[in-house]
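Visitor: Just to be clear, the model below is a prediction. Sequence and coordinates:
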Amino acid sequence: RLAPGDPNSSTQAADLNMIPSSIVKRAEVLTGGASSTYGADAVAGVVNFIMDTDFTGVRLDGQYSFYQHNNNCPSTVNGGTVCSALEARQAQGLNGYGFPSGSVADGGTFDGTISIGTKFDDDRGHAMAYFGYRKVKAITQARRDYSACGLSGGGAITCGGSATSAEGNVLIFETFPDGSDPGTAPDITTTFFTFDQDNPGDLLPGNTLYNFNPTNYFQRPVERYIAGAFANYEVTPAIKPYLEFMFMDDHTLAQIAPSGNFGNTFTINCGIGGVGDNPFMSDQARGIICDDENLINGFLGNFPLAVGAPYNTGEPGSGTPGPAAPPLVFTDGAGQQYNLAYFNPLRRNVEGGPRIADLTHTSFRGVLGTKGDLGPVWSYDAYYQYGRTNYTLVYRNEFSISRLNRALNVVNDPRVDSPTFGQPVCRSVLDQGDPNCVPYNMFGTPSDASIDYLNIFGVIEGKTSEQVANINFTGALGDYGMQLPWAEDG
C-alpha cells in the first residue's frame, strides 16, 4: 500500500511516480466492494500493481523522446496569421513580441531503470534491487509561434498584453489640457503615463504592454530518482520473512512571468518648498505628479484621495474632504515636511526574473513481514509497513506590498553625520520604521539591492506518514467439509 503522495493536497491519492514501471508484472483493477479487504477508503475500488519481485538477472530499460515543431505562422480565423498579430505589436514599438521561426526540437526526456535480481542459498531466498532516473527538459511558450503571445478576439485576432509592463506605467490624476471635454471647466481624470526609457526620471503620455506568455512553461523541468529493493527467504515452510523498500525523490519547477507592482501602491512623496522631494523624479515628472490636483488631501479608509479625484466630492456622508480641502502635510523622522501624491504604478520586475515555484517530493516506504503455512489448511501473512512523504514548496521572486510602499517613499538623506548623506534613502530608515529598506527606482533602473529587499520567499513544508500493521489468516475450509453450495472451494 502506498502512502498519500502530497501533504499539500486535499486528497489522499498515492504518487505513482514511486512505482518503477520496468518491473511491473501486471496491474489489477477492482472496481467495487474492495473495502472489506483494503479498508473504508477503498469503497470505490483499488488498483493493484503487481511487482516482478522474482526477477533474476540484470535488466536495463531506457527511453528518450523529444518534441519537434515547425514554426510556420499558422493562419487565424480572420485570414491573418499568428505572426501578423505579433508583428502588429512590434509595429507599435512594443518590446517582447518576437516569435520563433523554422523547425525546433526541444523538451528532451530521458527515462532509465536498471534492475538486478538473484537467488541465493539453494533457491531458498531471492533479492532484487532497482534504480531509476528521469530527466525532463523544459519547454517555454516562447518556443512556439502560436503561443509567443496570448491571442484573443473572435474577429480581429490580436496579441494580448499586461499593463504591468517592463518599462512601467502609472496612473495619475491629470487635468484635460485644453478643457475640451464636455462641461464648463476642464475635467480631471486618471491618466496613463509611462516611464521614459531614454530620459530616466521623465514621464511620457500613454502606456506600454508586457507580453507575459514567453516565460510560461508548456512543459516543466523534472528530475526524479527512484530506488528500491525486495527480498524474501524461506527459513521453514511456516516462516518466510520478507522485506520491501521503495524510495523516490522528485523535483520540478513551475514558472510564470515576473512579479512586480501590479497597481498595489497608491502614493509617492512630493517635497514642500523644494525640500523632501523624491530624488528619482525629474523636474518634468515632478511637474505632473506633484501638481495640486494630484496631491492627497484625505483618506477613505486606507485609500488615498487626490484633490482632483472625481469621487472626492466632500458631500455629506461621502467620507471625503472634497477638492477645497488643502493637501495633507506629513513629517518624517528628520523633521522634513512633505506631501503625498496619487501615484498608482504598474511595473514588471523584469530585473528579478520570473516567479518560480520550486517543488520537491521525497517519499519512502518500507515493509517487514513474514508469512507461511501453518499446516495443510491454514496459512498466515503478518507485516508492518511505514510510509512517509516530505513536501517542500519554495515560491520565489514575489514582491512585498508593504516593502514597496516604504521603498517608494524616498528622500535624499539630510543627516550630515550619516554615511549616506545626500544619497537617496527610504524615509522608514530615517524614523527607523524599517532600517533595512532600500529605495526602489521606478523612474530608471532599480538597483540589485532594492530588488533583493522587495523580493520575498514563500515556503510551505509538510509531511504525511502512514503506518499499517496487519495479520491475516487464510483457511481452506473445504478440507473440513465446509463449503457453500454455489462455491467451488470451501
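Guide: All right, it came through fine.

Visitor: Can you check the pLDDT for the most centrally placed residue in the chain?
Guide: Nearest to the mean C-alpha position of the chain, by CA atoms, centre = their mean, lies residue 357 at 3.9 Å. At residue 357, the predicted lDDT confidence score is 96.

Visitor: residues touching it, list them.
Guide: Counting by CB atoms under 8 Å, 6 or more residues apart in numbering, residue 357 touches 253, 254, 255, 393, 394, 395, 396. From N, CA and C alone the C-beta is placed, and that goes for glycine too.

Visitor: Name the residues linked to the first one by a beta bridge.
Guide: So the one you mean is residue 253. In this structure, residue 253 bridges to residue 358 when assessed by DSSP bridges.

Visitor: can you check the fifth one too?
Guide: Judged by DSSP bridges, the bridge partners of residue 394 are residue 358, residue 459.

Visitor: Wait, it touches residue 456, no?
Guide: No. Under the criterion of CB atoms under 8 Å, residue 394 makes no contact with residue 456, lying 11.3 Å away.

Visitor: quick one, phi psi at the nearest residue to residue 82 once chain neighbours are set aside?
Guide: The shortest distance from residue 82 to any non-neighbouring residue, by CB to CB, 6 or more residues apart in numbering, is to residue 146 (5.1 Å). Note on residue 146: its backbone torsions stand at phi -80, psi -10 [degrees, to the nearest 10].

Visitor: Residue 146: neighbouring residues, count only.
Guide: 17 (other CB atoms under 10 Å).

Visitor: And for residue 459?
Guide: By other CB under 10 Å, neighbour count at residue 459 equals 10.

Visitor: got the contact list for it?
Guide: Per CB under 8 Å, 6+ apart, neighbours of residue 459: 392, 393, 394, 395.

Visitor: what's the closest of those residues to residue 287?
Guide: Using CB to CB, the shortest approach to residue 287 within the contacts of residue 459 belongs to residue 395, at 40.2 Å.

Visitor: just checking, the closest one touches residue 354?
Guide: No. The pair residue 395 / residue 354 is not scored as a contact, 11.7 Å apart, by CB under 8 Å.

Visitor: Give me the more crowded residue out of the two.
Guide: Taking other CB under 10 Å, residue 395 and residue 354 do not tie; residue 354 has more neighbours (21 against 16).

Visitor: Report the contact partners of that one.
Guide: Counted by CB under 8 Å, 6+ apart, residue 354 has contacts 215, 255, 256, 257, 258, 397.

Visitor: I would like a ChimeraX command selecting only the buried ones among those residues, please.
Guide: Selection of the buried residues among these in ChimeraX, burial being defined by 16 or more other CB atoms under 10 Å:
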select :215,255,257,258,397
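
Visitor: Restricted to strands, list the contacts of residue 354.
Guide: Within these, residues falling in strands by DSSP state E are 255, 256, 257, 258, 397.

Visitor: How much space separates the residue nearest to the fourth one when sequence neighbours are not counted from residue 393?
Guide: Distances taken as CB to CB, 6+ apart place residue 349 nearest to residue 258, at 4.6 Å, with adjacent residues excluded. Separation of residue 349 from residue 393 (CB to CB, to the nearest Å): 20 Å.

Visitor: The two: which has the busier surroundings?
Guide: Between residue 349 and residue 393, residue 349 has the larger neighbour count (other CB under 10 Å), namely 23 against 16.

Visitor: What's the separation between that one and residue 24?
Guide: Taking CB to CB, one finds residue 349 at 46 Å from residue 24.

Visitor: Likewise for residue 3?
Guide: Taking CB to CB, one finds residue 3 at 19 Å from residue 24.

Visitor: Compare neighbour counts for the two and give me the winner.
Guide: Comparing residue 3 with residue 24 by other CB under 10 Å, the one with more neighbours is residue 3, at 21 against 12.

Visitor: right, and that one touches residue 390 too?
Guide: No. The pair formed by residue 3 and residue 390 falls short of the contact definition of CB under 8 Å, at 10.9 Å.

Visitor: Tell me the pLDDT of residue 14.
Guide: pLDDT, residue 14: 82.

Visitor: The nearest residue to residue 393 once chain neighbours are set aside - how many residues pack around it?
Guide: Spatially, and ignoring its direct neighbours in sequence, residue 393 is nearest to residue 460 (4.3 Å; CB to CB, 6+ apart). Residues contacting residue 460 under the criterion other CB under 10 Å number 13.

Visitor: Understood, closing this out.
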